[in-house]
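Novice: Quick one: sequence and predicted model below, then my questions.
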Amino acid sequence: MEMNECINFLLTKAQHTVFNYLKAELVQFDVTPVQYGILKCLWDENGQTPKQISKALSLDGSTITGIIDRMENKGLIMRIASKEDRRTLNVYLTNNGFLLSKPVNKIIEEVNEKILIKFSPEEQNQLKKYLKLISNN
């Protein structure tokens with residue numbers, strides 16, 4: 001099989017292209033694409049555990065812990081022990097984390113539009129459908 005026909009190569013190349021474009025757009029907010037994923041989880045439901053976030057983003061716990069450490073050092077989030085079980089930490093947005101919601105979500109929408117402009121609305125829906133099928137979502 002030619003490399004340009006291999007689904008792994010095609011998906012990796014496409015993901016790399018989108019990731020790098022998004023990374024370049026988010027740099028002005030000192031946020032990486034993966035940090036955006038954590039922020040989005042918390043914008044949708046503040047106070048999640050690292051385990052909940054890692055499951056939502058399909059990342060392992062040790063990866064999430066390192067990213068949360070960096071985001072906490074930037075003042076975007078904070079970890080607070082659960083009132084029910086002090087061994088459990090919940091992740092909350094700081095005011096700075098909340099303030100990024102509007103401008104960062106605008107960037108995300110613009111990046112999606114730019115990437116998908118090559119496709120008709122029907123093709124965009126099909127692409128998303130096929131990617132979800134591949135990822136079992």
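Specialist: Yep, that arrived. Residues are numbered from 1 along each chain as shown.
Novice: what comes up buried for the helix or strand where T17 lies?
Specialist: Counting by DSSP states H and E, the element that carries T17 is helix 7-26. Neighbour counts using 16 or more other C-beta atoms under 10 Å place L22, E25, L26 of helix 7-26 among the buried residues. C-beta here means a position set from N, CA and C on the backbone, and glycine is covered the same way.
Novice: Pick the one among the residues you listed closest to K74.
Specialist: L26 (12.7 Å; C-beta to C-beta).
Novice: could the buried residues of helix 7-26 be laid out in JSON lines, adding pLDDT and distance to L39?
Specialist: Formatted as JSON lines, these follow (pLDDT from 0 to 100; distance: C-beta to C-beta, whole Å):
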{"residue": "L22", "pLDDT": "96", "distance to L39": "13"}
{"residue": "E25", "pLDDT": "96", "distance to L39": "14"}
{"residue": "L26", "pLDDT": "97", "distance to L39": "10"}
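Novice: What is the nearest of these to E84?
Specialist: L26 (34.6 Å).
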